[in-house]
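Asks: what would the 3D arrangement of this be:
(one chain, ligands or ions: 3)
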Amino acid sequence: MILELDCGNSFIKWRVVHDRDVSQILAGGIAGDDRELLQALRERFAQGLSFCRLVSVRTDEETALLVAALRDGFAIDCLIAAPSPQLAGVSNGYDEYQRLGLDRWLAVVGAYSLVGRACLILDLGTAITSDFVERAGRHLGGFICPGMPLMRNQLRTHTRRIRYDDVMAERAQHSLAPGRSTAEAVERGCLLMLRGFVSTQLELAREQCGEEVEVFLTGGDAALVAEWVPAARVMPDLVFVGLAIACPLPSARSC
Ligand SMILES: Nc1ncnc2c1ncn2[C@@H]1O[C@H](COP(=O)(O)OP(=O)(O)O)[C@@H](O)[C@H]1O
Ligand SMILES: CC(C)(COP(=O)(O)O)[C@@H](O)C(=O)NCCC(=O)O
Ligand SMILES: [K+]
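Replies: Residues are numbered from 1 along each chain as shown. Ligands and ions are numbered 1, 2, ... in the order given. A predicted model of the protein is given here:
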């Protein structure tokens, strides 16, 4: 069994896939930190993991600690996705290709591998990122802005009177009518910012890549915008599609 990890700034997304048929997903989840991940794996996969591939946007030190813990706890080696100027028909559009977030790069590579034509990839996590790929696979670059958790937390931490809990936040999100409570006003205000961002990205994508652009939504908050982009493919596992390309199984090629 192969362990796959996408280590974002807030959460570690994990899944376990079958060695011989990686399209068979045996389990998966979201862990808040290394300890939670190791605990979840210990409960179900104390034995049987043969190998791990991972992508991380965390520091090298944090990633090294996790790799060491996996080696100690499960006797597995990890392949770690590394930056590259080209992969699977996609060319990295950054001036310094190493600086493009690896989660973004893998989502781009994954999306293009699925459709082979122009794509816009929106990843809604801690940060919200957009990436544009034109028809022939040239990544044109993208944008980064704060995600929902950052937007609301900045308001909470930089004001005296914006205070509400997660339950109130969740309830407030069901409508976009003008807010009649602080939670509604903030949550809906941030959602409208998000909607504005998404709609601008769609316009830009058509300008940059033409009308035939395929839109992908990924990241933990993808569902928040899905209704505004009915034609989009909502793919929570998009980064893992790219990860499989960047880090094929050791018998095929090393990362
Ligand atoms: N089951 C879940 N657990 C945690 N966060 C979730 C869950 N479902 C949706 N979310 C949302 O996803 C966001 C995190 O998205 P994610 O893509 O994991 O971020 P990152 O890659 O930056 O760690 C959270 O802020 C939260 O709003
Ligand atoms: C933009 C990001 C912070 C997004 O991270 P995430 O929200 O997925 O945790 C990450 O892709 C990153 O650290 N990128 C490096 C900077 C860049 O892409 O230009
Ligand atoms: K993101």
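Asks: near ligand 1, which residues of the stretch 51-200 of the chain are found?
Replies: Gly125, Thr126, Met148, Pro149 (CB under 6 Å from any ligand atom). From N, CA and C alone the C-beta is placed, and that goes for glycine too.
Asks: filter the residues you listed down to just the ones in helices.
Replies: Using DSSP state H, the members of these that fall in helices are Met148, Pro149.
Asks: need the residues of the stretch 51-200 of the chain next to ligand 1 in a markdown table (columns: neighbour count and pLDDT).
Replies: Converted to a markdown table, those look like this (neighbours: other CB atoms under 10 Å; pLDDT from 0 to 100):
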| residue | neighbour count | pLDDT |
| --- | --- | --- |
| Gly125 | 24 | 98 |
| Thr126 | 19 | 98 |
| Met148 | 23 | 95 |
| Pro149 | 16 | 94 |
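Asks: now, which of the residues of the stretch 51-200 of the chain next to ligand 1 sits nearest Gly196?
Replies: Lowest distance from Gly196 to these (CB to CB) belongs to Met148, with 13.6 Å.
Asks: can you report phi and psi for the residue nearest the centre of the chain?
Replies: Among the residues of the chain, the one closest to the centroid is Gly219, at 4.2 Å (CA atoms, centre = their mean). Torsion angles at Gly219 (phi, psi; degrees, to the nearest 10) stand at phi 90, psi 160.
Asks: could you check how far it is from Phe132?
Replies: Per CB to CB, to the nearest Å, Gly219 is found 17 Å from Phe132.
Asks: one step back: restrict the residues of the stretch 51-200 of the chain next to ligand 1 to those near ligand 2?
Replies: Answer for these near ligand 2 (CB under 6 Å from any ligand atom): Gly125, Thr126.
Asks: could I get the residues of the stretch 51-200 of the chain next to ligand 1 in JSON lines, plus columns for distance to Gly210?
Replies: Converted to JSON lines, those look like this (distance: CB to CB, whole Å):
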{"residue": "Gly125", "distance to Gly210": "27"}
{"residue": "Thr126", "distance to Gly210": "31"}
{"residue": "Met148", "distance to Gly210": "30"}
{"residue": "Pro149", "distance to Gly210": "33"}
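Asks: so which of the residues of the stretch 51-200 of the chain next to ligand 1 are also by ligand 3?
Replies: With CB under 5 Å from the ion as the criterion, those include Gly125 near ligand 3.
Asks: out of the residues of the stretch 51-200 of the chain next to ligand 1, which comes closest to ligand 3?
Replies: Ranked by distance to ligand 3 (CB to the ion), those are led by Gly125 at 3.3 Å.
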